[in-house]
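Asker: give me coordinates for this.
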Amino acid sequence: MTVKSVTELADHVGGEVIGDISVEVTGAATLTEAGQGDISFLANLKYEKDLQTTRASVVVVGKDYSAADIPPRALIQCNDPYYAFMQIVVLLHGHREHEKIGISPRASVSGSAQIGDDVDIHDFVCISADVQIGDNTRIYPSCTIGPGSKVGKDCIIYPNVTIYDGCQIGDRVTIHAGTVVGQDGFGYATHDGIHHKIPQIGGVIIEDDVEIGSNCAIDRGTLGYTVIGRGTKMSNLVAIGHNTQIGPHCLLVAQVGIAGSVQVGKYCVMGGQVGIVGHIKIGDGAKIGAQAGVTNDVPEGISIAGSPALPITQAKRSLMLLKELPEFRKKLRELDKSLKHLIKEEEESDNNNSE
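Answerer: Coordinates of the predicted model:
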């Protein structure tokens, strides 16, 4: 068990201690689950009420947060409490350690494959012809690396990952269990009512420092490459269509689906279950709310939501109107009834006058 003083943790993240400097920290937890000896954080004011009841010994807060009304406990004030808390968790617990086993005798490694130094290849892995594996890479059981593919240095490939032929994986890439990289894109030419498969002769390029969640699917390009830009992070069950280009440092939350030939800029964020049609452009820094349906180009730097997706303020207004539709319907029926009554009275008046 790692034990750190609050002053050590504050120094580690460049923060300032307020309160008891003798507190020692042994673990990390959320505000609601923390106990004695734990450190927690407040980065979203939505959870500010939990600060009054938490049992955490130390809480990381922002520089602009007032400590006046906080029950007695140690605080670490810093510029970015969420990032600081991440650094503290790494210091206390570290990342998952990977057992060094070398190359399992139950793995199938082609004689033409080039395997770097200090590589671990677990049971039932299949390394095909002309594959290149970089130094210090870990490949867990039952993975398949197709012919001519390249996996860079310091990568982690979790169980049951399939990388098809001719794919390029950069350095420090993590691919979680069950993901498929480089399967054929969804390409067919329909002639006389019959769908004829178009050969998918391109590949996939995954650049450095990408992390891909479990059970994702990344299509190979039809002619060129599908590209996932450096530093991009994808959650689980994400589907990327053929020839799509994802820029650097994007965030794709679970169940995002992007059709083919989409161009996504850098630093874009997509919430859960976002769906994007093919052959459009998403500008740099765009933010797309959960379950949005994107059917047109998205300018850089804007936030959109809804289906069809609209600028966020317009989408919120539309949602508010949607909630009021039953009342509008009721009023419309009343107006229609009143109008019909007025028309009937007018017609009866005209008939009486004509007599």
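
Asker: give me the pLDDT for Glu24.
Answerer: At Glu24, the pLDDT value in this model is 93.

Asker: run through the residues that contact it.
Answerer: By C-beta atoms under 8 Å, 6 or more residues apart in numbering, the residues touching Glu24 are Val3, Lys4, Ser5, Val6, Gly37, Ser57. No exception for glycine: its C-beta is placed from N, CA and C like everyone else's.

Asker: ends of stretch 128-141, how far apart?
Answerer: Terminal residues of stretch 128-141 are spaced 15 Å apart (C-alpha to C-alpha, to the nearest Å).

Asker: would you mind finding the longest helix in the chain?
Answerer: Ordering each helix of the chain by length in residues (DSSP state H) puts helix 312-354 first.

Asker: returning to that earlier point: ok, the contacts of Glu24 vs Phe186, which is closest?
Answerer: Nearest to Phe186 out of those is Lys4 (C-beta to C-beta; 51.2 Å).

Asker: what packs against the longest helix of the chain?
Answerer: Here helix 312-354 touches strand 303-305, going by 3 or more C-beta pairs under 8 Å, 6 or more residues apart in numbering; DSSP states H and E.

Asker: if we go to 10 Å?
Answerer: Secondary-structure packing of helix 312-354 (3 or more C-beta pairs under 10 Å, 6 or more residues apart in numbering; DSSP states H and E): strand 303-305, strand 310-311.

Asker: that helix: how far from the chain's middle?
Answerer: Chain-centre distance of helix 312-354: 45 Å, with C-alpha atoms, centre = their mean, to the nearest Å.

Asker: give the rounded mean pLDDT of that helix.
Answerer: 79.

Asker: likewise stretch 93-108?
Answerer: For stretch 93-108, mean pLDDT is 93.

Asker: now do the end-to-end distance for it.
Answerer: By C-alpha to C-alpha, the extent of stretch 93-108 from end to end equals 35 Å.

Asker: what comes up buried for that stretch?
Answerer: Ser104, Ala107 (16 or more other C-beta atoms under 10 Å).

Asker: for it, the distance to its chain's centre please.
Answerer: How far stretch 93-108 lies from its chain's middle: 27 Å, per C-alpha atoms, centre = their mean.

Asker: can you check stretch 217-225 too?
Answerer: The chain centre lies 20 Å from the centre of stretch 217-225; the measure is C-alpha atoms, centre = their mean.

Asker: what does stretch 107-122 give?
Answerer: Relative to the centre of its chain, stretch 107-122 is centred 31 Å away, using C-alpha atoms, centre = their mean.

Asker: next: stretch 207-220.
Answerer: 11 Å.

Asker: for stretch 217-237, same thing?
Answerer: Stretch 217-237 sits 13 Å away from the centroid of its parent chain (C-alpha atoms, centre = their mean).
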